[in-house]
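Enquirer: here is my input, please return the structure:
(2 chains)
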Amino acid sequence: DGGITQSPKYLFRKEGQNVTLSCEQNLNHDAMYWYRQDPGQGLRLIYYSQIVNDFQKGDIAEGYSVSREKKESFPLTVTSAQKNPTAFYLCASSYDRNTEAFFGQGTRLTVV
Amino acid sequence: QKEVEQNSGPLSVPEGAIASLNCTYSDRGSQSFFWYRQYSGKSPELIMFIYSNGDKEDGRFTAQLNKASQYVSLLIRDSQPSDSATYLCAPTRGWASKIIFGSGTRLSIRP
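Expert: Have a look, this model is predicted:
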């Protein structure tokens, strides 16, 4: 079955630690996105990529980094520079810039 | 001005009635408009999309787009308790190659 897989579903991070969230899609989509959602809030764009080896900052990129070495993979690293990383992280992909995005199941990150 | 504005709600609608959800956007270059439904703790799922001015119907859902007024809406007929969720409006910014989401309207269908 085609889809987007995010892992892990739950992640706990210690202060000062970098963590990487995985996102894999087998939909053959060119575009991939990372969003952050805080409780009771909408989705805020962290990074997006329209093609392999290229990505752009979204509205809240500080403290995050990404790579796009393969079409199907778009991992997100939450660095120690991100001071308030506790949130629900959603990865999405779309065929191109003007088509609908499909979402993974999300990763809930908590700082302990 | 926010790029995408939605009334946060909660919007309470009796079962069987019509729920009307509204969204305004600031970028006149937006070409595609999506409505997503998000249940608490889950990821958003696409329920409707619209590209052209006018109405588009799909089952109990109707999307309405007015590009001149920069306004898009979603009507849900015969509302069911399962429609209780947050609805996110998402226009594209074609020139910037990204999808922008509104903060969502929380809809509650009361029996």
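Enquirer: make it CA atoms for all contacts and neighbour counts henceforth
Expert: Will do.
Enquirer: measure B:Ser8 to B:Thr86 for me?
Expert: 9 Å (C-alpha to C-alpha, to the nearest Å).
Enquirer: and for those two, which residues touch both?
Expert: B:104-106 (C-alpha atoms under 8 Å, 6 or more residues apart in numbering or on different chains).
Enquirer: circling back: of B:Ser8 and B:Thr86, who's got more company?
Expert: More crowded of B:Ser8 and B:Thr86, by other C-alpha atoms under 10 Å in any protein chain shown: B:Thr86, with 23 against 18.
Enquirer: looking at it, that one is touching B:Gln38, isn't it?
Expert: Yes - with contact defined as C-alpha atoms under 8 Å, B:Thr86 counts as touching B:Gln38 (5.2 Å).
Enquirer: which residues of chain A lie near chain B?
Expert: Residues of chain A lying close to chain B by C-alpha under 8 Å from any C-alpha of the partner chain are A:41-45, A:48, A:50, A:90, A:97-106.
Enquirer: can you say which of these are buried?
Expert: Using 16 or more other C-alpha atoms under 10 Å in any protein chain shown as the burial test, those include A:42-45, A:48, A:50, A:90, A:97-106 as buried.
Enquirer: assumed B:Ser82 was part of a helix.
Expert: Yes - the assignment for B:Ser82 by DSSP: H, G, I helix; E, B strand; the rest coil puts it in a helix.
Enquirer: in contact with it, which residues?
Expert: Here B:Ser82 is in contact with B:Ile109 (C-alpha under 8 Å, 6+ apart).
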